[in-house]
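sequence first, then the predicted structure:
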Amino acid sequence: MVELRDLSVAFTGGRRPVQAVNGVSLTVQRGEVVALIGESGSGKSVMLRTLLRLHPERRTQLAGSVRVAGQDVLQLSGRALADYRGKVASMIFQEPLLALDPVYTVGAQIVESIRRHDRVTPAEAQQRALALFERVRIPSPERRLQAYPHEMSGGMRQRAMIALALACSPQLLLADEPTTALDATVQIQILLLLRELQRDLGLSVIFVTHDIGAAVEVADRIAVMYAGRIVEEGSARDLIYRPRHPYTIALLKSRAHGTLARGTPLETIGGAPPDLAQLPTGCAFAARCSLAADSCRTQQPAPVSLAPGHQALCLRTDAAAALAPRWVPALSDTTAQ
């Protein structure tokens with residue numbers, strides 16, 4: 001479904017280009033859910049938006065290859081690009097209050113999207129919009145279709161955003177931190193809803209999140225990003241039970257878990273991510289890594305294959321195994337298989 005080859009995204013306009021994504025290769029199979037995790041500024045959302053070509057063209061330099069459902073996305077333009085957005089690939093944005101137009105009802109926006117891509121009558125589009133609201137379990141769907149975004153709660157807006165993203169039956173769903181602005185109870189409801197819809201509709205999904213727990217709940221595979229690169233990639237089980245990149249291990253240790261004694265402070269990752277306008281010569285994580293050797297600071301690490309489908313971009317994967325957390329976070333039945 002998705003094939004990225006050596007994708008690089010740089011933003012110009014400042015004193016130096018900002019290399020937000022740097023040589024990323026990633027594949028997503030049909031019906032597969034891949035989660036992207038990492039700190040803010042690691043390039044997750046930039047990569048996601050590149051799949052829809054949402055960056056301003058005059059200030060964005062793209063290199064590499066992006067293919068989605070057989071289409072060369074970087075070569076699309078005009079009507080072909082408009083047809084691709086929403087029908088082939090669609091996005092659930094992080095903050096629906098900003099993504100939805102405040103001067104139109106939510107129902108009108110969904111109806112417009114359906115009619116743009118599927119050429120149905122207004123009545124048919126209205127019925128499809130109602131069915132979508134029922135599917136994402138919005139209470140009183142007929143009344144909610146007539147509501148403006150500001151008249152809905154955060155959880156209802158996010159469900160409406162999901163309905164809008166699914167309105168034209170896309171093959172690829174891009175979810176950009178869809179639970180960040182929600183409280184814990186609503187977060188769980190949205191995650192369960194996304195997983196259920198993905199299975200029922202056979203969607204391919206790329207899910208961006210800061211929350212490793214959320215990634216484990218919804219993803220078949222997890223890719224860890226740092227400074228614009230994927231530094232470790234593997235199944236959810238491999239990334240949780242057998243992490244081999246020091247950054248992945250540091251992320252796991254910085255999260256609360258069941259075996260942590262009450263009052264024990266969480267481990268933190270010292271330092272700060274590098275300046276993306278002036279990336280270091282060697283490993284970008286070397287300045288924050290307790291295992292870093294001189295070679296790490298001067299040599300760009302090559303991918304190390306650890307198991308089928310599991311690889312890490314690190315020179316010290318063997319030494320990193322000793323740092324892996326001894327606790328084992330609970331995996332749900334859906335991800336432990």
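It's in.

could you report the neighbour count for Val224?
Neighbours of Val224 under the rule other CB atoms under 10 Å: 26. To be clear about C-beta, it is placed using only N, CA and C from the backbone, and glycine gets the same treatment.

and it, how far from Gly43?
Using CB to CB, to the nearest Å, Val224 is found at 11 Å from Gly43.

quick check: mean pLDDT across the helix of greatest length in the chain?
Taking DSSP state H as the criterion, the chain has its longest helix at helix 184-201. Computed over helix 184-201, the mean pLDDT rounds to 89.

which strands and helices sit next to it?
Packing partners of helix 184-201 (3 or more CB pairs under 8 Å, 6 or more residues apart in numbering; DSSP states H and E): helix 154-166, strand 204-209, helix 212-218.

would you mark the buried spots in that helix?
186-187, 189-191, 193-195, 197-198 (16 or more other CB atoms under 10 Å).

same check on stretch 92-106?
92-96, 99-100, 105-106.

quick one, phi/psi of Val2?
Main-chain dihedrals, Val2, degrees, to the nearest 10: phi -130, psi 130.

now for Val103: which residues touch it?
Tyr148 (CB atoms under 8 Å, 6 or more residues apart in numbering).

ignore what I typed, I meant Leu203.
Leu203 neighbours (CB under 8 Å, 6+ apart): 31, 170-173, 197.

just the buried members of those residues?
Counted by 16+ other CB under 10 Å, these give 170-173, 197 as buried.

how much space is there between the most centrally placed residue in the chain and Gln171?
Nearest to the geometric centre of the chain sits Val208, at 2.0 Å (CA atoms, centre = their mean). Separation of Val208 from Gln171 (CB to CB) stands at 18 Å.

cool, and Arg85?
Distance check for Arg85 against Gln171: by CB to CB, it reads 12 Å.

what do you get for Gln311?
Using CB to CB, one gets 26 Å for the distance from Gln311 to Gln171.

now swap in Arg242 and tell me
32 Å.

before we move on, the earlier item: let's have the helices and strands packed on helix 184-201 in a markdown table, adding distance to Val231 and mean pLDDT.
What follows is the helices and strands packed on helix 184-201, written out as a markdown table (distance: least, CB to CB, whole Å; pLDDT from 0 to 100):
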| stretch | distance to Val231 | mean pLDDT |
| --- | --- | --- |
| helix 154-166 | 29 | 92 |
| strand 204-209 | 16 | 95 |
| helix 212-218 | 14 | 85 |
